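1. next come a sequence and a model predicted from it.
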Amino acid sequence: MRTETAGAGEAGEDGCTGPGAADTALPAPHPAMRRAFPGGGRATLGLIAPLESFSGDVPTMEGHLARVRAAEEAGFASFWLRDVPLLVPGQGDGGQLFDPWVYLGALATATSRITLGTASTVLPLRHPVHVAKAAASVDLLSGGRMLLGLAVGDRPGEVPAFGPAAANPAGRLPDSWAYLRHLTGGTVTTGHSSPLGELAPGTGMVPGPVFGRLPLLMTGRGGRTIEWVAEHADGWLYSALAPEIQRANTARWRRLTGESGAPGSKPYAQAGYLVLDEDPRSAPRPLPQGWAMGREPLLDLFKTYEAGGVDQLMVNLRLNSRPVDEVLAELAEYVLPLFPTPGIRPTPGLRPAPELHI
């Protein structure tokens, strides 16, 4: 599953603090972060693109915008896009087919409440100036709903296509992160010097983030230590773990960043494939990087994750054999009420809007 790369088996590297000063906490409260990650022992549900059940590597994307609109009306907290520039044989599917920034522009105008994020942008393969400009533009178009998930990628077959500068994605991450943070920090630039470029004093970027600073979330570890992630990121997105491993992972994160919901704390989200069986009592069975079962054991499992400190459960529905609209409707009726999004009153039922055809 490409959440770039939220991998349970990813090894950290010895202490790298990266260039520049440590990041400070987001100005509180940030509305998009509060909606996606309310904290205080409450988890929300997010969806990962594509919202489609399909076999093979490439989705059709038919009815997709309408389905996202319906998911927003049902009360899902977040919708996350993936960064898949190239389809490499044997290294995963084609994501949501469209370039994430182009598609986020469409989503920003087609939706009004659901938070929009990347899970994740492969930062070392893109110049931070371009990422900053695109993300700040989506943030403005969406009214401040943009959450920028970042990672080093998990498809080595893509890297050679971007030339020698991208040959060491993990090594390039700290410089890229610092540059991006400088551009999206919401303050007048005093200049920035980086191996990736030079910003003269007074040179800045427009538009700026709607709420002062754009949230930057790490997916996986990016070849860094957890201490580096806790110091520099505004939150941590990770892949599906067994509850006992997840609880240990979250406990370590809380020791570094504070208890969920406390002032200055940083959220922890968990992403995975979800295959929801038609039989609501169907027992759990193994699924790499995800969960496969009926809704009743799923509710128990997700409540266990919530009690273990997970702030959002992000699900990718592409592996279902059932039509995804059926799965979304079941989640909306039986699961969402136990994981409500703050400030959202869900609309009963979940039907795609017929006027939108993409």
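-> Alright, I've got the coordinates. Here the structure is a predicted model, which means the values were calculated and not measured. Numbers count the residues shown, from 1 in each chain.
2. I'd say residue 224 and residue 173 touch.
-> Yes: with contact defined as C-beta atoms under 8 Å, residue 224 reaches residue 173; the gap is 7.0 Å. The way it works is simple: take the backbone N, C-alpha and C, and place the C-beta from them, glycine included.
3. neighbour-wise, which of those two wins?
-> More neighbours surround residue 224 than the other of residue 224 and residue 173, with 27 against 24 (other C-beta atoms under 10 Å).
4. what are the phi and psi values for that one?
-> Phi and psi for residue 224, reported as degrees, to the nearest 10, are phi -100, psi 170.
5. kindly state the pLDDT recorded for it?
-> What the model reports as pLDDT for residue 224 is 96.
6. contact partners of stretch 159-168?
-> 85-86, 124-125, 153, 169, 172 (C-beta atoms under 8 Å, 6 or more residues apart in numbering).
7. for the closest residue in space to residue 272 that isn't next to it in sequence, give me the pLDDT.
-> Leaving out its chain neighbours, the residue that sits closest to residue 272 by C-beta to C-beta, 6 or more residues apart in numbering is residue 240, at 3.0 Å. Predicted confidence (pLDDT) for residue 240: 96.
8. do residue 200 as well
-> pLDDT, read off for residue 200, is 92.
9. that one reaches residue 191, doesn't it?
-> Yes: between residue 200 and residue 191 a contact is recorded at 5.8 Å, counting by C-beta under 8 Å.
10. just to revisit the earlier point, the residue nearest to residue 272: neighbour count?
-> 25.
11. show me where the stretch 151-300 of the chain has helices.
-> Under the criterion DSSP state H, counting those that start in this stretch, the stretch 151-300 of the chain contains helices at 169-184, 226-232, 243-257, 295-307.
12. out of these, deepest packed?
-> Highest mean neighbour count of the helices of the stretch 151-300 of the chain: helix 169-184, a mean of 22 (counted as mean count of other C-beta atoms under 10 Å).
13. counting by contacts, list what it packs against.
-> helix 128-141, strand 146-151, strand 192-194, strand 197-199, strand 216-219 (3 or more C-beta pairs under 8 Å, 6 or more residues apart in numbering; DSSP states H and E).
14. now it, how far from the centre of its chain.
-> 18 Å (C-alpha atoms, centre = their mean, to the nearest Å).
15. that one to helix 128-141, inter-axis angle?
-> Helix 169-184 and helix 128-141 are oriented at 50 degrees to each other (axes from the mean of the first three to the mean of the last three C-alpha atoms, to 10 degrees).
16. what residues are up against residue 61?
-> So residue 61 contacts 50, 52, 96-98, 358 (C-beta under 8 Å, 6+ apart).
17. which helix or which strand is home to it?
-> Using DSSP states H and E, residue 61 maps to neither a helix nor a strand.
18. just the pLDDT for residue 187.
-> 66.
19. which one of the helices and strands packed on helix 169-184 lies nearest to residue 333?
-> Closest to residue 333 of those, according to C-beta to C-beta: strand 146-151, at 26.4 Å.
20. and the contacts of that closest one?
-> With C-beta under 8 Å, 6+ apart, strand 146-151 has contacts from 3-6, 32-33, 36, 78, 80, 104, 115-123, 131, 135-136, 138-139, 177, 180, 184, 214-220, 222, 233, 237.
21. out of these, which end up buried?
-> Among the contacts of strand 146-151, those scoring as buried are 3-6, 32-33, 36, 78, 80, 104, 115-123, 131, 135-136, 138-139, 177, 180, 184, 214-220, 222, 233, 237 (criterion: 16 or more other C-beta atoms under 10 Å).
22. how much space between residue 148 and residue 177?
-> Separation of residue 148 from residue 177 (C-beta to C-beta, to the nearest Å): 11 Å.
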